[in-house]
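K.L.:
attaching a predicted model along with its sequence, questions to come.
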Amino acid sequence: MHIAKWTVLLGVFWILLSGYLEPLLLFFGAVSVLTVMLVLNRMDAVDEDPRGINFNFSFFRYVFWLIGQIVSSSIHVTQLIWRKSGSASPALAKISVDDIPKDHRVLYANSITLTPGTLSVDLDDHHVTVHALQAPSISKLAEGNMEHKVKELTGEHK
Amino acid sequence: MNFILDYYNYWIVVFLMMSGFYIVISANNLVKKIVGLNIFQTSVFMLYISMGKVSGGSAPIVAEGITQYSNPLPHVLILTAIVVGVATTAVGLSLVVRIKRAYGTVEENEFENKDDAI
Amino acid sequence: MFIIDIISSILLLAGAFFGLSGAIGLFKFPDFFTRVHAASVTDSISALLIVGGLLLQTSFDLNTAKLMFILIFLMITSPTASHALAKSARHSGLLALAESKGKPQGKSTNG
Amino acid sequence: MNLWQGIDPSQLITLSIIIPFIGALLVVATGKYPNVRETVTLITAAILFSIVLSITDYLYKGVELSLEVIELFPGLGINFYVESLGVLFALVASFLWIVTSIYAIGYMRGHHEVNQTRFFCCFALAISSVMAICFSADLLTLFIFYEVLTLSTYPLVTHAGNDAAKKGGRIYLGILLGTSVAFLLFAILATYGLTGTLDFRAGGIFDDSHSKVILSVLLVLFCYGIGKAALMPFHRWLPAAMVAPTPVSALLHAVAVVKAGVFSILKIVIYIFGLDQLKELATTDIMLYIGAATILLSSCIAMTKDNLKARLAYSTISQLSYIVVGALLASSIASAGAAMHIATHAVGKITLFFCAGAIMVASHKKNISDMEGLGRQMPITMAAFAIGAISIIGLPPMAGTWSKWYLAMGALEADKLIIVAVLMISSLLNIAYLLPIPIKAFFKGQPQDGKPWSWSEAKEAPLPMLFALSLTSIGCLVLFFYPQPLIELINLIPGVSTNMGEG
Amino acid sequence: MLDLHLTAFPILLPLIAAPIALILGRSILSWGFATFVSGWAFFVACQLLIATLSDGVLSYAVGGWEPPWGIELRIDAANAFVLLVVSAISTLVLLYSKLSIEKEIHESKHSLYYTAHLLCLAGLSGILVTGDAFNLFVFLEISSLATYTLVSLAPDRRCLTAAFRYLVMGTIGATFILIGVGMLYMKTGTLNMLDLAERIHFYESSRTINTGLAFIMVGVSIKLALFPLHMWLPPAYTHAPSAVSAFLASTATKVAVYVMIRFIFTIFGADHVFNEMGMGTILMVLAIVAIFKGSYMATVQSNIKSVLAHSSVAQIGYMILGISLMNVTGLMAGLIHIFNHALMKGALFMAVGAVFYRMGSVDIKAFRGLGKQMPLTMAAFTIAGLSIIGVPLTVGFISKWYLVMAALEQNHWVIAALVLAGSLLAVVYIGRILEAAYFQEADQSNKDIKEAPLLMLIPMWILVLANIYFGIDTSLTTEAAGSASELLFQNTSDIAVLIESLHGIGVTSTQEVSP
Amino acid sequence: MTGILAATCVAILVVMAMALSRAISAPTVYDRILGVNMFGTKTVLFIAAVGFFMGRPDFLDIAIVYALINFIGMVAVLRFFEYSAPVE
Ligand code: NA
Ligand code: NA
């Protein structure tokens, strides 16, 4: 099932990019998709298939929410940049990720990094080390708002 | 002044060429020599591409509604030249790897006297 | 159709503005990790706005798809890159300003 | 007598060159069985001599013999043509090859020399190239085989294979190759550039259209280009080649190498420049006086040499310059003298070398000072030495008289009295450095008891050597009493004649 | 008229064979296959030469695209002649290399060696056959890349630094050519050589074209190792495997000489390059310096391959001198020396390779006493050595004769003398080696050395006998080189006529170009 | 509209220039990588913007390729530093 899904996805992507539908070019497309699948297959043999994030409606809601976060934190950081220098009070902290299911932790860490002001420096089994431009950002993060949103994705409402 | 402005692309070519050439000659580290060689080759690519420019001509990829294009031939030639450049770099770097393994260093002054010694 | 151009211009200019401020931040901030934040500004908001502005220029065709792909690709890869960079720096022992100044670390929640 | 009546005459030329070459191969093939090898050499030499005789016969009959082998360059290549001067040299070389082979057999065995096969093989190759030089129709062919002669004799000079041989070989090759490439080849190319031809043509190929200055320079280049003529200062290769065993010296001095040198000079003077052209060139006199100087100087040096072979070497250098001087006198009779001197000097000098070799083998004596009283042990050798010496000096009844006579007449005809004086003085010098040797050998160092000499005391060299040296000494005599065939042959050379007043 | 597709064979055969040789894997298989293909290419080269000598120029539009748009393969007497040399030498070297590389290249790299050799052959043939200036650059790089790889296969680690330096200088040279060709294209808008020749002279004197000419001449001078741009050659040929040195010394630089000839005579016109641009004197002076420096350096080396490498630098000086004399005989001398030098150097390097095969060293000490122990190899070395010196009845004499004759025709008496003096230097560096082989005793360690195996002796002696044969029967070389130089001078005079018609003025009284 | 696009392009160029200068004069090697990476991602935006400015949106293909190469380059450099990490 997994292979079929990817083959279709890559095929569509190939056509989107090329925009040509002549048989010869389609043939080349098929060949390149096939090669990628072969390589993908070999890679799959390397590490087990992680349960992908399911792209349902709640995911898109999360994305929009994240964009909002990005905008606000960017504005915040930009203000910081334009203010006199020395106003930044960087901080480094470890935040527990025990409650977030394994396969969503990457999304959580990326979301932290994506929103300017906070940067996930390291991700291990129990914690994500976060570096923040301003100390309060860490505490804001600690409140778990983003954590909550990520968990919602998995459908487990605590 | 307009001598420089009108021919700014050729000035870039000359600058790249000379800096690449200088690096090739003066660099002690073999990898840097290859970097210099690449810069030197890139300057030639710039020369060819800029000679192909037709004033008012768009990029030489066929698209509807565009009648005037720049001359595609230099671009095609340079595609080949890039491939040649990449091949040369590949051979050069593989030689550097083997020199490192054989001499333990890629600094030209260090392995110069290694051989004269034996 | 005039409206779209205006919005697009606004988005583009905003994107440009954030890009420039991020670049300036690159010079103003004291240590490496703070500079990563400045850089991520340009990677995230500036890219979003500029690509958004460009999207409005396209008439919902192949180019739109390509732009969307670029945006999605950037949104996924730039945080990963920043993370990898920071992690690599950290692993090689580069101290963040916070640590080097002995400031109490931020309140760490439940262990 | 013409044994080769059957085949087409011009093929004789090919035969004369190929036979020694095949001989060389056969010698190598039969290297392991010395007796067979020696007979092969002798047979080949005999066959060659017969071929040369039949060529001479055709020459007398006025049959034109010419052969075009191959074209190296457009309009230029390896071509042969028989003319009397070439025949003269061929006769001398082929006859003396037989004699020297006989001699060498005795010497090699007596002196148990190492790698004799290489000696006989290279000897044959040298003769082959000499034949090619004799019959070359143009300067290019002459040059090609002139070089081949140098290369084929190099292994002979470095026969011993030790350090001295190597050094000698280096000087030998250095000077001969150096002069031939730097001067001779340059002159040949310049001549071709000027005239568009290199053929030997009676009266010469230059004419008044060519600038005299260039021709004069060419003359100098030719004279010095032919290093084998051993004109000073390019003579040092000859003494350096003394390192080689005596049969090789015989080959070098009498049979092939030096003869090829002076022969080439004569050919160039007669067939490239032409005697009358020569008169008008400024450098003719300069080279003439250099030749004269070489005669005198080398005779003086010869006197100082106690080693017999070294003395003979310097004697050869001076004798060669006789021929060069004869040629440069630009008089027909002087050229006749020069041509004749090739034969007379060959016979005379080879006798002396044979004696030197015999003395070496029989009494292991090299230096003249030790040879006092040797006459008693080696009467025949010493007698032959005396005859050879007298012939070299140029006194009757020996062959040398004729050539010196004609040379003197030539000098007179060209009213170059100074040359006449030089000839006189050099003869005196010859006497000074040659005659004392046999005289001391016979009349000095009498045994105390005054017992008259008896055959029992004789400790002579091996028979083949004795036979060879007596044959050549008789040759000196014969050539004096019956010079007619030789003179006839020389008169056939265009522009050269043995009687006065021919201009 | 032979089938025109044949003109593409010299490139296609080795090009297709190269990967196959790699796939074959086993050394013996790829050796057999490579030699077969090279032999076939040689056979085709013969056909092409015969065809050009009888029917004149063969032109083939690659892929059906008519010139000047498409790439055209143009074969005339000049390149057919050089192609014959290159393919012949390649076949003989391949035959020779089976045993030679056993002692010099690691077993695992044998197929790689044959592949690189075939690629080099394809590149060289491409340079010779193509009529398109840019295509020439591409083939030049193909052959060069293969050459760098070949040089780096030797056991001695110094081959790596030699290969690297060769790569750097070679790439700079090729890039100079690319710049030059670019400038020509910039001004004339075409890359086809003949088309270029016509259009270049439309302009009275254009700075761009002259700069292009300068770049090309310098670039090609690097490729053919003309003094002072020859620095890469000695280490490369010394430390490369013997079979590689044999192949490169006889072909690579020669093809570059052909390229220079092609650019000077066919594209720019000899009169323009030599008289107006004054390059004649520059080339002449550099050539003479190359002759003396190369020969002198050869006399002081202790490594024999280094002697031969420096000797190559000198011999290239002779070729360029021939060209710079700007008359038919001179050009003929240059072309003939390409042929002759290939025979000489091929044989010499093979002989040295045989010594390395037995002795494991090519130092002059290893040559001591070899005259007795390896008689055939040393005999081959002697004859080829005599040919380098230019002794009559060898090919060397023919080249020397034409060169001095050409100098005299232009009444450069001094140059003629210098050439003869130069050849005397060869007596020294060859003599030194022969003395070691024949007069010095071998030390104990190599008393039991046997003669080189048959498979090495055969190609060596084929070249040696060719050295003698073509020194005597010069009909083939004279006819081929003669018609080639006639043709090249015809190109030049066509251009001269063209200039005249374009500018309506009489052609300036150029150096009397005697056809 | 093209004016705005031009302005954006210039702005992006400026950002790229600053990123590059940061990379050149950076104290630590990681600052250099950060600068080069930022330069890379801005190039993607620049190519896209220039494409629209010159009315040739097919430049987007080039932008995509450049984005891919930039990311892979970044990962490659970091892996290299991961294993032999010289900290200046
Ligand atoms: Na962030
Ligand atoms: Na490159």
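P.N.:
Cool, the structure landed. Numbers count the residues shown, from 1 in each chain, chains lettered A, B, ... in the order given. Ligands and ions are numbered 1, 2, ... in the order given.
K.L.:
what residues does stretch F:72-83 touch?
P.N.:
Identification of contacts with stretch F:72-83 by C-beta atoms under 8 Å, 6 or more residues apart in numbering or on different chains yields C:81, C:84-85, C:88, C:91-92, F:29-30, F:33, F:36-37, F:40. Using the backbone N, CA and C atoms, a C-beta is placed for each residue, glycine as well.
K.L.:
hmm, try it at 6 Å
P.N.:
C:81, C:84, C:88, F:33, F:37 (C-beta atoms under 6 Å, 6 or more residues apart in numbering or on different chains).
K.L.:
quick one: residues contacting the closest residue to chain B within chain E.
P.N.:
Residue nearest to chain B within chain E (C-beta to the nearest C-beta): E:R157, separated by 3.9 Å. By C-beta under 6 Å, 6+ apart, E:R157 lies in contact with B:A102.
K.L.:
ok so, going back, among the contacts of stretch F:72-83, which ones are in helices?
P.N.:
Mapping the contacts of stretch F:72-83 onto helices (DSSP state H) picks out C:81, C:84, C:88, F:33, F:37.
K.L.:
so which one of those residues is the model least confident about?
P.N.:
Among the ones in helices among the contacts of stretch F:72-83, C:S88 carries the weakest pLDDT, at 85.
K.L.:
find the residue closest to that residue in space, skipping its chain neighbours.
P.N.:
Nearest residue to C:S88, sequence neighbours excluded (C-beta to C-beta, 6 or more residues apart in numbering or on different chains): F:L78, at 4.9 Å.
K.L.:
burial count for the residue lying closest to D:T44 once chain neighbours are set aside?
P.N.:
Among residues not flanking D:T44 along the chain, D:G23 sits closest, at 3.2 Å (C-beta to C-beta, 6+ apart). D:G23 has 27 neighbouring residues, counting by other C-beta atoms under 10 Å in any protein chain shown.
K.L.:
before we move on, the earlier item: now the phi/psi pair for the residue nearest to C:S88, please.
P.N.:
Dihedral pair for F:L78: phi -70, psi -40, per degrees, to the nearest 10.
K.L.:
quick one: the helix or strand containing D:I22 to chain centroid distance?
P.N.:
Using DSSP states H and E, D:I22 falls within helix D:11-29. How far helix D:11-29 lies from its chain's middle: 21 Å, per C-alpha atoms, centre = their mean, to the nearest Å.
K.L.:
for stretch D:103-114, same thing?
P.N.:
Relative to the centre of its chain, stretch D:103-114 is centred 22 Å away, using C-alpha atoms, centre = their mean.
K.L.:
now B:S43: which helix or strand?
P.N.:
helix B:30-52.
K.L.:
give me the below-cutoff pLDDT ranges for chain C.
P.N.:
Across chain C, the ranges flagged by pLDDT under 70 are C:1, C:96-111.
K.L.:
circling back to that earlier point, how much space between the residue nearest to D:T44 and ligand 2?
P.N.:
68 Å (C-beta to the ion, to the nearest Å).
K.L.:
which ones are touching the closest residue to E:L119 other than its chain neighbours?
P.N.:
Nearest residue to E:L119 in three dimensions, chain neighbours excluded: E:A146, at 3.9 Å (C-beta to C-beta, 6+ apart). By C-beta under 6 Å, 6+ apart, E:A146 lies in contact with E:116, E:119-120.
K.L.:
out of those, which comes closest to C:N63?
P.N.:
For these, the residue nearest C:N63 by C-beta to C-beta is E:L119; the value is 42.9 Å.
K.L.:
can you get me a residue count around the closest one?
P.N.:
A total of 24 residues lie near E:L119 under the criterion other C-beta under 10 Å.
K.L.:
what residues sit buried inside the helix or strand containing it?
P.N.:
Here E:L119 sits within helix E:110-129, counting by DSSP H and E. Neighbour counts over helix E:110-129 (16 or more other C-beta atoms under 10 Å in any protein chain shown) mark E:110-129 as buried.
K.L.:
could you name the helices and strands sitting against that helix?
P.N.:
With contacts taken as 3 or more C-beta pairs under 6 Å, 6 or more residues apart in numbering or on different chains; DSSP states H and E, helix E:110-129 sits against helix E:9-24, helix E:27-55, helix E:77-100, helix E:133-151, helix E:242-261.
K.L.:
what's the angle from that helix to helix E:133-151?
P.N.:
Counting by axes from the mean of the first three to the mean of the last three C-alpha atoms, to 10 degrees, helix E:110-129 lies at 150 degrees to helix E:133-151.
K.L.:
same question for helix E:110-129, mean pLDDT?
P.N.:
The model assigns helix E:110-129 a mean pLDDT of 96.
K.L.:
would you enumerate the residues in contact with the residue in chain D positioned nearest to ligand 1?
P.N.:
Taking C-beta to the ion as the measure, the point where chain D comes nearest ligand 1 is D:V181, at 84.6 Å. D:V181 sits next to E:420, E:424 when contact means C-beta under 6 Å, 6+ apart.
K.L.:
repeat that with 7 Å
P.N.:
E:420, E:423-424 (C-beta atoms under 7 Å, 6 or more residues apart in numbering or on different chains).
K.L.:
in helices, which of those appear?
P.N.:
E:420, E:423-424.
K.L.:
out of those residues, which is nearest to E:H341?
P.N.:
E:S423 (12.7 Å).
K.L.:
which one is that closest one nearest to, not counting chain neighbours?
P.N.:
Leaving aside its sequence neighbours, E:S423 sits nearest to E:G390 (C-beta to C-beta, 6+ apart; 4.7 Å).
K.L.:
isn't the one you found up against E:Y402?
P.N.:
No. If you go by C-beta atoms under 7 Å, E:G390 and E:Y402 don't touch, sitting 11.1 Å apart.
K.L.:
these two: which is more packed in?
P.N.:
A count of neighbours by other C-beta under 10 Å puts E:G390 above the other of E:G390 and E:Y402, at 30 against 26.
K.L.:
quick one: the strands in chain F, in order.
P.N.:
Taking DSSP state E, chain F contains no strands at all.
K.L.:
low-confidence ranges, the chain, go.
P.N.:
Unless you meant another one, I'm taking chain A. In chain A (pLDDT under 70), the answer is A:1, A:44-55, A:85-87, A:154-158.
K.L.:
you looked at the wrong chain, it should be chain F
P.N.:
Those would be F:83-88, if you go by pLDDT under 70 across chain F.
K.L.:
so which bits of it are right by chain B?
P.N.:
Counting by C-beta under 7 Å from any C-beta of the partner chain, chain F comes close to chain B at F:56, F:58.
K.L.:
ok, D:Y146 to D:L177 distance?
P.N.:
Relative to D:L177, D:Y146 is positioned 11 Å away (C-beta to C-beta, to the nearest Å).
K.L.:
neighbour-wise, which of these two wins?
P.N.:
Each of D:Y146 and D:L177 has its neighbours counted (other C-beta under 10 Å); D:Y146 has more, 29 against 21.
K.L.:
the more buried one sits in which helix or strand?
P.N.:
Per DSSP H and E: helix D:139-157 holds D:Y146.
K.L.:
mean confidence score for that helix?
P.N.:
On average, helix D:139-157 scores 93.
K.L.:
in space, what's closest to E:A18 - neighbours in sequence excluded?
P.N.:
Per C-beta to C-beta, 6+ apart, closest to E:A18 is E:L118, 4.1 Å.
K.L.:
wait, doesn't the one you found sit right on E:A17?
P.N.:
Yes. With contacts counted by C-beta under 7 Å, E:L118 reaches E:A17, the gap being 5.1 Å.
K.L.:
overlap in contacts, those two.
P.N.:
Once C-beta under 7 Å, 6+ apart is applied, the residues that E:L118 and E:A17 both contact turn out to be E:34, E:37.
K.L.:
wouldn't E:F265 be in contact with E:T492 here?
P.N.:
Yes. Using C-beta under 7 Å, E:F265 is in contact with E:T492, at 5.3 Å.
K.L.:
can you spell out which helices and strands pack onto the helix or strand where D:G375 lies?
P.N.:
Element membership of D:G375 [criterion: DSSP H and E] is helix D:374-377. Other elements packing on helix D:374-377 under the criterion 3 or more C-beta pairs under 7 Å, 6 or more residues apart in numbering or on different chains; DSSP states H and E are helix D:332-363, helix D:436-443.
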